[in-house]
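In: coords please:
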Amino acid sequence: MDLSLDDTGRAQAAALGVWFSRTGIDAVFSSPLVRASETAGILASACGLSGAQVDPVFVELDTGAYTGISYEQAREQYPDSFRNFDGESWNAVPGAENSETLFARAMSAWAVLENEARSGKNSIVCVSHGGFLQWLVKTTFGLRSWKPLLPTDNCAIFELVIAPTSIVNKPFMQWKRFNYQIPGGVSVVEPVF
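Out: The predicted structure is shown next:
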């Protein structure tokens, strides 16, 4: 659902903005959902940028029939898919994005970021969501399954370093941070996954 940030979320984004302002950010991308675009705007402002580039490719995964309902309501309203949810994740939920679609969308998201890097941007921040972030990470390992899951806290940093090599189209890639919480940041929310 498209929810806005609360005071805790704004405090997390402000702390993250201060942290990123020390790192020399060239561009900020964002999901169009309000909580992400507001976070991205706070980060961009803290880094002296005019704003964030909003792109729907970074939106949270579509939870289909489970959108806007609790797990208990999903169990009651969709007993068959709910029974299969632990083993099949969103692939079991009517109308939800499946693993194949999410993998393809994550690859498209990486293409957006790669085009930005090829235009001369060296340090790019992308504000997305816990469910879709799983796929952004998994695609770098070539994983097409929803398993394994990674912990994803609100306002956590996942840092991927990409450097060119002498082999065309074969960059060096290294994940430096997974679910990193900035020192002194505001972390009061349990991991989403």
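In: Over to stretch 56-65 now: how far is its first residue from its last?
Out: Its start and end residues considered, stretch 56-65 measures 20 Å (C-alpha to C-alpha, to the nearest Å).
In: Contacts for it, please.
Out: Here stretch 56-65 makes contact (C-beta atoms under 8 Å, 6 or more residues apart in numbering) with 29-33, 36, 74, 77-78, 81, 90, 93-97, 102, 105, 108-109, 112, 126-132, 135. (C-beta placed from N, C-alpha, C; glycine too.)
In: Provide a list of residues in contact with the residue nearest to F178 when sequence neighbours are not counted.
Out: Distances taken as C-beta to C-beta, 6 or more residues apart in numbering place F158 nearest to F178, at 5.8 Å, with adjacent residues excluded. Counting by C-beta under 8 Å, 6+ apart, F158 makes contact with 133, 136-137, 175, 177-180.
In: looking at this, F158 is in a strand?
Out: Yes: looking at F158 with DSSP: H, G, I helix; E, B strand; the rest coil, it is inside a strand.
In: How many residues are close by F172?
Out: 10 (other C-beta atoms under 10 Å).
In: Show me the beta-bridge partners of it.
Out: Counting by DSSP bridges, F172 is bridged to A163.
In: how far away is it from V161?
Out: 8 Å (C-beta to C-beta, to the nearest Å).
In: and what of R144?
Out: Taking C-beta to C-beta, one finds R144 at 24 Å from V161.
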